[in-house]
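**Q** Need a 3D model of the sequence below.
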Amino acid sequence: MDRDIVKDLDDLRRVLPEPFGPPSSLDDFFNQISAQKLIGGGDGTINRIVKFLHEKPEPVLANVAILLLSRFAPEKFYQDLMTIMKTANKATIEAVEAGFWMIGLPKERVAKDLVDIAKASGNYHLLLLLQRPVAKVIRMELIDFIRDHRLPVSLYSLWCYEYAMDADSIPFISVVAGWVDIPELSATAGLYLLKFGSKNGLIGIRAGLIDSNEHIRSVTYYGITKYLSKVIIEQSGYDPKKNGNIQKNEVDVIINGLM
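**A** As a prediction, this is how the structure comes out:
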């Protein structure tokens with residue numbers, strides 16, 4: 001591995017801006033001496049970074065590397081990068097999200113490429129990059145993935161579909177809310193329906209609240225609290241840390257409060 005580039009990327013890792021920090025923070029990042037030196041290296045830097053990414057570095061360094069690549073003409077690295085992404089793990093994909101969408105290509109093209117690569121490679125973690133408004137352009141593909149009715153592809157696709165939803169989505173999402181054999185899907189669908197003022201997904205929300213998995217119970221519960229009055233929340237006495245099967249009465253109070 002190229003020790004010099006590892007050192008430079010590690011130095012830059014220390015000045016990475018916060019994900020939701022001001023745009024000026026990103027300017028500060030790119031103005032660092034190490035960043036300017038690498039950007040000034042032109043094609044040589046591109047080749048070094050692509051080779052570095054092929055060696056599957058730790059996610060935080062991959063993030064820095066792709067941020068830097070975004071400063072170059074995409075035709076010089078994009079195809080190589082997409083080849084690398086075919087085998088990227090979940091942690092790396094989640095880490096590089098910010099830099100990935102800074103690449104200077106139409107977002108619609110990138111979205112379609114990601115879907116095609118996910119299908120061809122079976123690396124459905126790539127769908128995690130599509131949790132943004134551009135998901136509208138691959139809406140039908142997401143529906144097909146959701147209809148697979150399996151994890152993680154259907155859940156990832158449902159998370160993306162949130163950004164492509166409109167009122168016409170209610171019948172389809174109502175079907176998903178009935179898939180109580182996979183509460184991750186049914187509860188998520190039920191929460192989406194509440195956003196559109198639909199109560200069609202209460203069966204899915206119930207499944208999430210009584211599930212044996214604390215994470216699912218917590219995500220479901222905290223997702224619905226904004227739709228409940230403080231009185232209902234207090235009356236229910238529901239605690240997502242407790243097993244759902246022993247809180248059926250508490251869940252009944254919540255579901256009745258959502259009706």
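
**Q** And residue 230, how far from residue 257?
**A** 11 Å (C-beta to C-beta, to the nearest Å). For every residue, glycine as well, the C-beta is placed using N, CA and C.

**Q** These two: which is more packed in?
**A** Higher neighbour count among residue 230 and residue 257: residue 257, with 16 against 8, using other C-beta atoms under 10 Å.

**Q** per-residue pLDDT, that one?
**A** Per-residue pLDDT puts residue 257 at 92.

**Q** Now do the helix or strand containing it: which elements does it pack against?
**A** Element membership for residue 257, per DSSP states H and E: helix 248-258. With contacts defined as 3 or more C-beta pairs under 8 Å, 6 or more residues apart in numbering; DSSP states H and E, helix 248-258 has these neighbours: helix 202-210, helix 230-236.

**Q** Show residues contacting the worst-scoring helix or strand of the chain on mean pLDDT.
**A** Here the helix or strand of the chain ranked lowest by mean pLDDT, DSSP states H and E is helix 23-30, holding a mean of 78. Residues outside helix 23-30 that contact it (C-beta atoms under 8 Å, 6 or more residues apart in numbering) are 12, 15-18, 35-36, 39, 67, 71.

**Q** that older thread, weakest of the helices and strands packed on helix 248-258 in terms of mean pLDDT?
**A** Lowest mean pLDDT within those: helix 230-236, a mean of 91.

**Q** Residues contacting it, please?
**A** Residues contacting helix 230-236 (C-beta under 8 Å, 6+ apart): 225, 250-251, 253-254, 257.

**Q** Need the buried ones from those selected in ChimeraX.
**A** Buried subset of these, written as a ChimeraX selection, criterion 16 or more other C-beta atoms under 10 Å:
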select :250,251,253,254,257
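
**Q** any chance of the contacts of helix 230-236 in TSV, plus distance to residue 182?
**A** Converted to TSV, the contacts of helix 230-236 look like this (distance: C-beta to C-beta, whole Å):
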residue	distance to residue 182
225	23
250	23
251	18
253	25
254	21
257	25
